[in-house]
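*Asks:* Quick one: sequence plus predicted model below, questions after.
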Amino acid sequence: MEKCRLLFSGSGGQGVITSAILLAEAATRYESLNAIQSQSYGAEARGGATRSDVIIWDKPIFFPKVNQPNILICLTQAAFDKYIFSIRPGGTLVTDSRFVKNPGLVDARKVELPFYDTVMEKIGKPVVLNICLLGAIVRMTELVRPESVAALIRERFHPSFHEINIKALELGVELMSGHAMATQ
Amino acid sequence: MHDAIKFIQGNEVCVEAALYAGINFFAGYPITPSTEIAEQMAVRLPETGGKFIQMEDEISSMCAIIGASLTGHKTMTATSGPGFSLMQEALGYAIMAEIPCVIVNVMRGGPSTGLPTHVGQGDVCQARYGTHGDHAIVTLTASNHHDIFRMTIEAFNIAETYRTPVILLLDEVTGHLREKIEIPEPGKIPLTKRLRTAVKSGVDYHPYLPREDGRLPMSDFGDIHRYNVTGLYHDMWGFPTDKPQIVYGLIRHLVDKIENNTPKITRFRKYYTKDAETLFISYGASARSTLHLVENRRRRGENVGLLELQSLWPFPADIVREACQHVPLVIVVEMNMGQITKEVKLAVDDPKKVFLANRIDGVLITPTDIRNTLRVIQGKGV
């Protein structure tokens, strides 16, 4: 397989690091792949630019950082402005159409999806935005089964949050499936 | 799915390994990027009947693990550069009084408070020379979760074997990154038990009288024997003395018990070193970047190799000299101004063939950074 390098970026508190961990952990523990997750953050607990790097491969991974992502995920305009030039030519840019306006001409396939608006309309709680995003990434990369992520959510999250998170995951998968159909 | 397979941070691996090694006392003061060690210890130690205590600072944390060790417990503390600075005085006490304990320093950018959330490897010489007076010290390091687990256990084993504090130098990258670790079955990795005296209650026990093999059996402080412990030069009873022959004997003993056992303490990994024309030497997170480059270059048919050091002190000069002997170019990769590079230059026959590839801006050195340094040395430009 080709080495899959993902860069999740956004604002502290949006949950991008949680999404990255879930994806990498599911790949390792449920799909027998190698994955590595690392993060870079400032001293702030909330706000500030946050990034998390994930590499998924079937071979050993040594250098743990992502300098040129195949898949760049930006959940804020600030994150987009900061990381857009790092994207691997021919890679995929995933943005939330509410937060990142007009990505313009980039050397990548653009996937602009209304994660925030969909989550607010169908679930009503912005806290699961990151899991909706994760659903789309899972559907796009097809390295990890959605059931594996759902199992991990059940293992890791408090039971009172299982249902809305799994619903958000399914919403993300559907959003990406719809996008794939529309662009084929 | 196997429960022993975990996807956790390097700091958490260190906690799992310490528990495997039988730790039952941890005192610490949380500091980025080592906080997860204290955090997880606070959860896990009480579950196994051990004690976790958050102290008021790193000075008291170090003192607490020394005291607890003396009473017969396996002890550890974890910190980063600023806290490690505060521990230096008590570290010297532990060396002088010969008290086994493990100090983890998850390195960040320094000096001073420096770069709390970013990586550095600037505390290598601090681990060696941070506390005052002539002394020897054991310092281990690791670049991946498998090795963090092994080296943490080695740290406890070496501490007990030689009655000495052992420093485990991790860094922000290895401490924080998540990757797979398979926790071995209990009993699979040998553990070194505390060597306790056979001297019975009511019979004179000499805490600092070595056996024929040089080892000093311990007696749990506060149990059946009364004895003195001091940071002053001391006799076999543990009482202060300034008799030159005793002072001489003790300092020789403190240094020799480590330095003379360098081959036994030395840990390393070799990758493609047999036919290497360029040999990289690295450790910790830098070794990951170096190995990435070495694997890539090997696929292109270039004869490059890596010697990854897992014990930094006592410096494995013999291993380094031997590995560099027939290699025309040696590049040391580290995230400081060349702290191990200087040791390598001292170890090899021709120091002029040793170069430094480094990065000191809080960013993990990349394979491209190393390749660029290599190309400049080879006169090819970047």
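*Replies:* Sure, I can see it. Numbering: from 1, shown residues only, chains lettered A, B, ... in the order given.

*Asks:* Where does the prediction get shaky in chain A?
*Replies:* A:42-48, A:184 (pLDDT under 70).

*Asks:* give the contact list for the residue in the stretch 251-382 of chain B that chain A sits nearest to.
*Replies:* The stretch 251-382 of chain B approaches chain A most closely through B:His292 (3.8 Å), counting by C-beta to the nearest C-beta. All C-beta atoms are positioned from the backbone trio N, CA, C, and that covers glycine. Going by C-beta atoms under 8 Å, 6 or more residues apart in numbering or on different chains, B:His292 touches A:Phe62, A:Phe63, B:Pro367.

*Asks:* Could you single out the nearest of the residues you listed to B:Glu47?
*Replies:* B:Glu47 lies nearest to A:Phe62 out of these, by C-beta to C-beta, at 33.8 Å.

*Asks:* what about the closest one, which helix or strand?
*Replies:* In the assignment (DSSP states H and E), A:Phe62 maps to no helix and no strand.

*Asks:* For it, list the residues it contacts.
*Replies:* The contact partners of A:Phe62, by C-beta under 8 Å, 6+ apart, come to B:Arg288, B:Ser289, B:Leu291, B:His292, B:Glu295.

*Asks:* and with 7 Å instead?
*Replies:* A:Phe62 makes contacts with B:Arg288, B:Leu291, B:His292, B:Glu295, as judged by C-beta atoms under 7 Å, 6 or more residues apart in numbering or on different chains.

*Asks:* quick one, domains of chain B?
*Replies:* Listed domain ranges for chain B are B:5-182, B:270-377 (source: automatic domain parsing).

*Asks:* What is the end-to-end distance of the shortest one?
*Replies:* The one in question is domain B:270-377. With C-alpha to C-alpha, to the nearest Å as the measure, domain B:270-377 spans 23 Å from end to end.

*Asks:* sorry, back to before: pretty sure the residue of the stretch 251-382 of chain B closest to chain A sits in a strand.
*Replies:* No: using DSSP: H, G, I helix; E, B strand; the rest coil, the assignment for B:His292 is helix, not a strand.

*Asks:* In chain A, where's the longest helix?
*Replies:* helix A:162-183 (DSSP state H).

*Asks:* Residue numbers of chain A in contact with chain B?
*Replies:* Within reach of chain B by C-beta under 7 Å from any C-beta of the partner chain, chain A has these residues: A:21, A:24-25, A:28-29, A:34, A:36-39, A:41-43, A:62-65, A:67.

*Asks:* Return the most buried member of the domains of chain B.
*Replies:* Per-stretch averages of neighbours, counted by mean count of other C-beta atoms under 10 Å in any protein chain shown, single out domain B:5-182 among these, with a mean of 22.

*Asks:* roughly how far is it from the heart of the chain?
*Replies:* 8 Å (C-alpha atoms, centre = their mean, to the nearest Å).

*Asks:* With stretch A:152-167 instead?
*Replies:* 17 Å.

*Asks:* how about the helices of the stretch 201-350 of chain B, start to end?
*Replies:* With DSSP state H, counting those that start in this stretch as the criterion, the stretch 201-350 of chain B has helices at B:244-259, B:262-265, B:284-299, B:317-324, B:339-347.

*Asks:* would you list these in TSV and tack on distance to A:Ile87?
*Replies:* Formatted as TSV, those follow (distance: least, C-beta to C-beta, whole Å):
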stretch	distance to A:Ile87
helix B:244-259	51
helix B:262-265	46
helix B:284-299	20
helix B:317-324	40
helix B:339-347	35
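
*Asks:* Could you save those helices as CSV and add columns showing mean pLDDT?
*Replies:* Formatted as CSV, these follow (pLDDT from 0 to 100):
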stretch, mean pLDDT
helix B:244-259, 97
helix B:262-265, 98
helix B:284-299, 98
helix B:317-324, 98
helix B:339-347, 98
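
*Asks:* Would you mind measuring from the closest residue to A:Trp57 other than its chain neighbours to A:Arg139?
*Replies:* Using C-beta to C-beta, 6 or more residues apart in numbering or on different chains and skipping residues adjacent in sequence, the residue nearest A:Trp57 is A:Lys3, 4.5 Å away. Distance from A:Lys3 to A:Arg139, counting by C-beta to C-beta, to the nearest Å: 20 Å.

*Asks:* From the neighbour counts alone, determine which of the two ranks first.
*Replies:* Each of A:Lys3 and A:Arg139 has its neighbours counted (other C-beta atoms under 10 Å in any protein chain shown); A:Arg139 has more, 20 against 12.

*Asks:* unless I'm mixing things up, that one is touching A:Glu174, no?
*Replies:* No: the criterion here is C-beta atoms under 7 Å, and A:Arg139 misses it with A:Glu174 at 8.3 Å.

*Asks:* Looking at the nearest residue to B:Thr75 once chain neighbours are set aside now. What's its pLDDT?
*Replies:* Leaving aside its chain neighbours, B:Thr75 sits nearest to B:Ile65 (3.9 Å; criterion: C-beta to C-beta, 6+ apart). Looking at B:Ile65, its pLDDT reads 98.

*Asks:* Spatially central residue for chain A, please.
*Replies:* Closest residue to the average C-alpha location of chain A: A:Leu134 at 4.6 Å, with C-alpha atoms, centre = their mean.

*Asks:* Isn't it up against A:Ala20?
*Replies:* No: using C-beta under 7 Å, A:Leu134 is not in contact with A:Ala20, being 8.6 Å away.

*Asks:* before we move on, back to that, how near is the residue of the stretch 251-382 of chain B closest to chain A to A:Phe63?
*Replies:* Distance of B:His292 to A:Phe63, computed by C-beta to C-beta: 4 Å.

*Asks:* So what touches the helix or strand A:Val94 falls within?
*Replies:* According to DSSP H and E, A:Val94 maps onto strand A:91-96. Residues from elsewhere that reach strand A:91-96, judged by C-beta under 7 Å, 6+ apart: A:69-75, A:80, A:87, A:103, A:106, A:108-113, A:115-116, A:136.

*Asks:* Return the members of those residues classed as buried.
*Replies:* A:69-75, A:80, A:87, A:103, A:108, A:111-113, A:115-116, A:136 (16 or more other C-beta atoms under 10 Å in any protein chain shown).

*Asks:* circling back: the residue nearest to the centre of chain A: what's its closest spatial neighbour, skipping adjacent residues?
*Replies:* Counting by C-beta to C-beta, 6+ apart, the residue nearest A:Leu134 is A:Ser19, at 4.3 Å.

*Asks:* quick check, the one you found in a helix?
*Replies:* Yes: secondary structure assignment places A:Ser19 in a helix (three-state DSSP).

*Asks:* How many residues are close by it?
*Replies:* Neighbours of A:Ser19 (other C-beta under 10 Å): 28.

*Asks:* wait, it sits on A:Leu133?
*Replies:* Yes: judged on C-beta under 7 Å, A:Ser19 makes contact with A:Leu133 at a distance of 5.9 Å.

*Asks:* what's in contact with the least confident helix or strand in chain B by mean pLDDT?
*Replies:* Ranked by mean pLDDT, DSSP states H and E, the helix or strand of chain B with the weakest confidence is strand B:115-119, at a mean of 94. Applying C-beta under 7 Å, 6+ apart, the contact partners of strand B:115-119 are A:41-43, B:32-33, B:108-109, B:171-173, B:285, B:335, B:362, B:364.

*Asks:* I am finished for the moment; much appreciated.
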